[in-house]
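A.B. asks: The amino acid sequence is not available; the structure is as follows:
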């Protein structure tokens, strides 16, 4: 009895080394979580800085390599970026006029006729148009539909209305279903109005969902923290 009481008292007092290890583990866990959270927050900023640094550095280095700049008073850090800004501004002023638009038209006509160069130019032109065109002009609203089978909801963008390919007298929606995470590729579906589910999502919110693969969701689709998630049904 006395031995059992001594062991119980010893367990109640606690092991100082064990308590020290517990404190160290808690500190490591605390610092690890905070460092990882800070890293996730700073990733977009770091990526932006690195990309800008690479692009601007490449422009600056390329311009300073020209013979009329190298080893002259103009050969200093940043001169290439300043020249690029002046060049882009000048081209922008030129394009704003009728003569500039005509020159752009001739450029497209000539470059698209050259093998290989035409393909590269066409892809670059499409990417530029996608970036500069307002999203609202391309997509009217965001909807959901059963795709590719009933019970599976896919998000799509309504691009217009047209006559049904199967029933010319019937009007259907032309819906573009983007591919994750690259919305420039996807599927095109022609669906009747009563087969789609309306949503309150904006085009910008939907694009964030596509680019993030569903990781970034708008508040209307998020489950509040602390809520119990439904358990999958199955035989026990």
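C.D. replies: Received the coordinates, thanks. Note that the coordinates shown come from a computational prediction; the quantities given were computed from them, not determined experimentally.
A.B. asks: how far does the lengthiest strand in the chain sit from the chain's center?
C.D. replies: Using DSSP state E, we find that the single longest strand of the chain is strand 153-163. Taking C-alpha atoms, centre = their mean, to the nearest Å, one finds strand 153-163 lying 21 Å from the centre of the chain it belongs to.
A.B. asks: how about it: buried residues?
C.D. replies: Within strand 153-163, the residues that count as buried by 16 or more other C-beta atoms under 10 Å are 154, 155, 156, 157, 158. Backbone N, C-alpha and C define where each C-beta goes, glycine included.
A.B. asks: Could you single out the nearest of the residues you listed to residue 199?
C.D. replies: Within the buried residues of strand 153-163, the smallest distance to residue 199 is 7.8 Å, found for residue 155 (C-beta to C-beta).
A.B. asks: so that closest one bridges to which residues?
C.D. replies: residue 144 (DSSP bridges).
A.B. asks: doesn't residue 205 make contact with it?
C.D. replies: No. Residue 155 lies out of contact with residue 205 (C-beta atoms under 8 Å); the separation is 10.2 Å.
A.B. asks: which residue ranges form the strands in this protein?
C.D. replies: Taking DSSP E as the criterion, the chain carries its strands at 141-146, 153-163, 171-178, 186-191, 196-198.
A.B. asks: Could you spell out the sheet neighbours of the third one, each with its direction?
C.D. replies: When sheet partners are counted by DSSP bridges, strand 171-178 sits next to strand 153-163 (antiparallel), strand 186-191 (antiparallel).
A.B. asks: Could you quantify the relative orientation of it and strand 141-146 as an angle?
C.D. replies: Here strand 171-178 points in a direction 90 degrees away from that of strand 141-146 (axes from the mean of the first three to the mean of the last three C-alpha atoms, to 10 degrees).
A.B. asks: buried residues in strand 171-178?
C.D. replies: The neighbour-count criterion (16+ other C-beta under 10 Å) identifies 172, 173, 175, 176, 177, 178 as the buried residues of strand 171-178.
A.B. asks: average model confidence for it?
C.D. replies: Along strand 171-178, the predicted local confidence has a mean pLDDT of 92.
A.B. asks: Which two among the buried residues of strand 171-178 are spaced furthest apart?
C.D. replies: Between any two of the buried residues of strand 171-178, the greatest separation by C-beta to C-beta is 19.1 Å, found for 172 and 178.
A.B. asks: Distance to residue 209 added to the buried residues of strand 171-178, as TSV?
C.D. replies: Supplementary listing: the buried residues of strand 171-178 in TSV, determined by distance: C-beta to C-beta, whole Å:
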residue	distance to residue 209
172	25
173	20
175	16
176	14
177	13
178	10
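A.B. asks: Looking at the residues you listed, which is nearest residue 99?
C.D. replies: Of all those, the one with the least separation from residue 99 (C-beta to C-beta) is residue 176, at 36.4 Å.
A.B. asks: For residue 146, see how far away the closest one is.
C.D. replies: 16 Å (C-beta to C-beta, to the nearest Å).
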